[in-house]
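1. everything below, folded, please.
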Amino acid sequence: MSSKLEERHTIEGPAGALEMLVTRAENPVALAVICHPHPLHGGSMTNKVVHTLMRAARDMGASVVRFNFRGVGRSGGEHDAGRGEIDDCLAVIDWARQEMPAPALWVKGFSFGGYIAAAAANRLSSSPDRLVLVAPSVERLPFAALLPLKVSATVMMGEADDVVASAAVFDLLEGREDVDVVRFAETGHFFHGRLVELKDAVERSLA
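-> Numbering: from 1, shown residues only. Coordinates of the predicted model:
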């Protein structure tokens, strides 16, 4: 079982301090690292979709790290349009793998964080065991350049997303051998009223 108490930590990242919330499992089945949505549009590690992704991993017995990208909250540095944020994610994964070893690595991300999670997963020398992306940004960031992904991904996508064009996600990712797309009918970007269903779907993808 996992402790439900989160610890607040700060590590030195590529551009300064990186603020994190950490949930430790006593005998973790995995280590999960979660990336938050766009820093310039209010995204942070306390976003409710990010929190849902944390709860899904925690309830399945994983240790979990969610963190603020550079320039968000108490994290140092400035927003870097996705480039430096990949380095932030890799720094957190490296720290977490050393501090909280586990038999598997799960990397997750929401929106902007979905792109960062996928890009970081591609750059890891030891690929994650699971990659879960919720409404990943595929238009404003060069997601297509990441394909084919080094590790298969599960993508959760609302059909009525008002921030990330669902048609663009479906056109780019549906039908690919390296991506499993899960559609949510009549669901917007922030999964209002659908967070329980999202959590259930994420847990099924990790089982």
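2. contacting residues around the longest helix seen in the chain?
-> Ordering each helix of the chain by length in residues (DSSP state H) puts helix 83-99 first. Residues outside helix 83-99 that contact it (C-beta atoms under 8 Å, 6 or more residues apart in numbering): 11, 13-15, 18, 20, 22, 31, 33, 35, 39, 63, 65, 67, 69-70, 75, 77, 79, 105, 107, 112, 116-117, 119-120, 123-124. (C-beta placed from N, C-alpha, C; glycine too.)
3. can you give me the buried ones in that helix?
-> Neighbour-count burial for helix 83-99 flags 84, 85, 86, 87, 88, 89, 90, 91, 92, 93, 95, 96 (criterion: 16 or more other C-beta atoms under 10 Å).
4. sec struct for the closest residue to residue 96 other than its chain neighbours, please.
-> Once its chain neighbours are removed from consideration, residue 96 has its nearest residue in residue 65; the separation is 4.8 Å (C-beta to C-beta, 6 or more residues apart in numbering). Following DSSP: H, G, I helix; E, B strand; the rest coil, residue 65 is assigned to strand.
5. thinking again about what came up before, and which of the buried residues of helix 83-99 is nearest to residue 176?
-> Minimum separation from residue 176 among the buried residues of helix 83-99 (C-beta to C-beta) is found for residue 86, which lies at 21.4 Å.
6. return the longest helix of the chain as CSV; C-alpha atoms alone will do.
-> The C-alpha atoms that make up helix 83-99 are tabulated as CSV, following Å, rounded to 0.1, in the frame of the first residue of the first chain:
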residue,chain,number,x,y,z
ARG,A,83,13.1,22.5,-24.9
GLY,A,84,14.4,23.0,-21.4
GLU,A,85,11.4,21.4,-19.9
ILE,A,86,12.4,18.0,-21.4
ASP,A,87,15.7,18.4,-19.5
ASP,A,88,13.7,19.2,-16.3
CYS,A,89,11.8,16.0,-16.7
LEU,A,90,14.9,13.9,-17.4
ALA,A,91,16.5,15.4,-14.3
VAL,A,92,13.5,14.5,-12.1
ILE,A,93,13.5,10.9,-13.5
ASP,A,94,17.2,10.5,-12.9
TRP,A,95,16.8,11.7,-9.3
ALA,A,96,13.7,9.6,-8.6
ARG,A,97,15.3,6.4,-10.1
GLN,A,98,18.2,6.8,-7.6
GLU,A,99,16.1,7.9,-4.6
